[in-house]
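Novice: A predicted structure for the sequence below; I have some questions about it.
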Number of protein chains: 2
Amino acid sequence: MLLTATRRTLSLGTVSSVHGRCSAFTASRVLIQPLRPQKRTLSLMAAASQPDDVKRVLVPIGNGTEEMEAVIVVDVLRRAGALVTVASVENSTDVVCSRGVRIITDKMVEECASSSYDLIACPGGMPGAERLRDSAVLERMVRTQKDSGRLYAAICATPYVFFEKKGLLDGKSATAHPAFSDGLNDQSKVLDRVVVDGNLTTSRGPGTAFEFALSLVKQLYGEEKAKQVAGPLVMHPHNM
Amino acid sequence: MLLTATRRTLSLGTVSSVHGRCSAFTASRVLIQPLRPQKRTLSLMAAASQPDDVKRVLVPIGNGTEEMEAVIVVDVLRRAGALVTVASVENSTDVVCSRGVRIITDKMVEECASSSYDLIACPGGMPGAERLRDSAVLERMVRTQKDSGRLYAAICATPYVFFEKKGLLDGKSATAHPAFSDGLNDQSKVLDRVVVDGNLTTSRGPGTAFEFALSLVKQLYGEEKAKQVAGPLVMHPHNM
Ligand SMILES: [Cu+]
């Protein structure tokens, strides 16, 4: 592996040199993240050597996805140790988000269809929520997730534009962005910033994305890990 | 322009169709953002037709930049109407951030050296803060920014690793990530989540990045605009 690793290993070396001073910068998990297509073999090798308790998470994105919601969920879950795959629902791994940030995903969503995930977490943004909704592969994966009892989650426009419209809320209480939450069937929890109902978690917007991501960490890893991750983020005490 | 615009225009068309229902999704400004190298001509044409009150913002990033801090600053400032350029300090526009999110920048920092910005805002993360520090072009730009009285800003590791180490704090009070703030000369404000001292703004980490970005919006556009932008983000009342 040392022979094949390049720039990534160099930067991790630098990270390690400051690792001693701060738990905020424990970047060793980055090594096992799928990074680029040409490094997939390396990533899979690393993943295969992980203990069985590694949590696998899928974060699908498309053109017009809210980049803050996507990146906060990916980053916070990776800080917790999850093996997060960012997958494109577009024709390529090259995605332009809602405010013009351009992200290269780890995979195409079609490449993920036969894998099993502990969590599928869908960011919002428009038209990103519609792009996710219109991916037949993703819809099937989320439906399987829901029916199997594994965790699925959405934030912002997506709980309404994708999940409600495709029958994926199924009587569960949920919330969504204030511009969309009026459309939800169950209005009992729409003012909550994060709503957990069984294996479904929903939330409202970029400003609730850290709380959403930390709730997902808590559900996957427990309260103690969520606190460990939150500390170095310097969360406002009221957002914990 | 219609003849040259492609996928971007298509997605903006979709955004426009929901524009009526929600101020959160006013994406028209995205059209004038520099997006891809091959679209630079279009971007510059659009920029040239902007009124003189357009605020120009530079957000430099490098390998190991904290992707949440970078994306939150870029996105929130674009929501406010700023013309934000994301610039790479690496050898290419292809940057791998601290938790493996891969971002393609609008430009190389060298291409920005002769431009004037209303604000240069530096994200943190390690080793990203060192990568910014080690760019001679960026150091010169930040020094000019400081000396000319225009706004400059940094969050997380960067106020210490870059600004303090290169003499860019210059007696101003500042804060930084808890893992680095002990190293700051002036300790009077290190516990504040956002510190504004003259034309310098500093902040602590991903969890303070929305407050940091909204403070920058307020300084560029005023309090009213900051409130307009904060609303659809669904910020926690305590973070305003
Ligand atoms: Cu940091």
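Specialist: Looks like it came in fine. Here the structure is a predicted model, which means the values were calculated and not measured.
Novice: pull the number of nearby residues for A:Asp118.
Specialist: Around A:Asp118 there are 17 other residues, counting by other CB atoms under 10 Å in any protein chain shown. In this view, the C-beta of every residue, glycine as well, is placed from N, C-alpha and C.
Novice: kindly apply the preceding question to A:Pro206 instead.
Specialist: 30.
Novice: next one: it relative to A:Pro232, how far apart?
Specialist: With distances taken as CB to CB, to the nearest Å, A:Pro206 is found 20 Å from A:Pro232.
Novice: now do A:Asn199
Specialist: From A:Asn199 over to A:Pro232 (counting by CB to CB), the distance is 28 Å.
Novice: neighbour-wise, which of those two wins?
Specialist: When neighbours are counted by other CB under 10 Å, A:Asn199 and A:Pro232 differ, and A:Pro232 comes out ahead with 20 against 17.
Novice: any idea which helix or strand carries that one?
Specialist: In the assignment (DSSP states H and E), A:Pro232 maps to helix A:223-233.
Novice: same question for A:Val76.
Specialist: Assigned by DSSP H and E, A:Val76 falls within helix A:67-79.
Novice: contacts for the helix or strand following that helix, please.
Specialist: Downstream of helix A:67-79, the next assigned helix or strand under DSSP H and E is strand A:83-88. Strand A:83-88 is contacted by residues A:32-34, A:47, A:50, A:54-62, A:70, A:74, A:77-78, A:94-95, A:103, A:105-109, A:111-112, A:115, A:117, B:101 when judged by CB atoms under 8 Å, 6 or more residues apart in numbering or on different chains.
Novice: which ones among the residues you listed lie within strands?
Specialist: Judged by DSSP state E, the contacts of strand A:83-88 include A:56-61, A:94-95, A:103, A:107-108 as members of strands.
Novice: elements contacting the helix holding A:Pro232?
Specialist: Counting contacts by 3 or more CB pairs under 8 Å, 6 or more residues apart in numbering or on different chains; DSSP states H and E, helix A:223-233 packs against helix A:67-79, helix A:209-221.
Novice: between helix A:67-79 and the last one, find me the angle.
Specialist: Put simply, helix A:209-221 runs at 30 degrees to helix A:67-79, going by axes from the mean of the first three to the mean of the last three CA atoms, to 10 degrees.
Novice: got the buried residues for helix A:209-221?
Specialist: Residues A:209-221 are the ones in helix A:209-221 that count as buried (16 or more other CB atoms under 10 Å in any protein chain shown).
Novice: kindly report the same for the first one.
Specialist: Burial within helix A:67-79, assessed by neighbour count using 16+ other CB under 10 Å, is assigned to A:67-79.
Novice: the residues you listed also near chain B: which ones?
Specialist: Contacts with chain B are made by A:67-68, A:71-72, A:74-76, A:78-79 out of the buried residues of helix A:67-79, judged by CB under 8 Å from any CB of the partner chain.
Novice: tally of neighbours for A:Pro237?
Specialist: 6.
Novice: now do it against A:Gly231, distance only.
Specialist: From A:Pro237 to A:Gly231 the distance is 11 Å (CB to CB).
Novice: so where's chain A shaky on pLDDT?
Specialist: Applying pLDDT under 70 to chain A flags the ranges A:1-52, A:238-240.
Novice: could you list every residue that touches the closest residue to A:Asp94 other than its chain neighbours?
Specialist: Take A:Asp94 and drop its neighbours on the chain: the residue closest to it by CB to CB, 6 or more residues apart in numbering or on different chains is A:Ile104, 5.8 Å away. By CB under 8 Å, 6+ apart, A:Ile104 lies in contact with A:36, A:93-95, B:94, B:102-104.
Novice: could you do A:Ala82 as well?
Specialist: Residues in contact with A:Ala82 (CB under 8 Å, 6+ apart) are A:54-57, A:118-119, A:217, A:220.
Novice: one more time with 6 Å, if that's ok
Specialist: For A:Ala82, the contact set (CB atoms under 6 Å, 6 or more residues apart in numbering or on different chains) comprises A:55, A:57.
Novice: what residues does the helix or strand where A:Met141 lies touch?
Specialist: Assigned by DSSP H and E, A:Met141 belongs to helix A:136-148. Residues external to helix A:136-148 that are found in contact with it (CB under 6 Å, 6+ apart): A:60, A:89, A:109-110, A:113, A:120, A:132, A:152, A:166, A:168.
Novice: of these, which belong to helices?
Specialist: Judged by DSSP state H, the subset of these located in helices is A:109-110, A:132.
Novice: out of these, which end up buried?
Specialist: By neighbour count, with 16+ other CB under 10 Å, the ones in helices among the contacts of helix A:136-148 hold A:109, A:132 as buried.
Novice: want to throw the ones in helices among the contacts of helix A:136-148 into TSV with distance to the ion?
Specialist: What follows is these, written out as TSV (distance: CB to the ion, whole Å):
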residue	distance to the ion
A:Val109	30
A:Glu110	34
A:Leu132	29
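Novice: specify which member of the ones in helices among the contacts of helix A:136-148 is nearest to chain B.
Specialist: Each of the ones in helices among the contacts of helix A:136-148 was checked against chain B using CB to the nearest CB; the closest is A:Leu132, at 12.9 Å.
Novice: the closest one and B:Tyr221, how far apart?
Specialist: Noted for A:Leu132: a distance of 32 Å to B:Tyr221, by CB to CB.
Novice: which ones are touching the closest residue in space to A:Gly125 that isn't next to it in sequence?
Specialist: Leaving out its chain neighbours, the residue that sits closest to A:Gly125 by CB to CB, 6+ apart is A:Glu66, at 3.0 Å. By CB under 6 Å, 6+ apart, A:Glu66 lies in contact with A:98, A:123-125, A:156.
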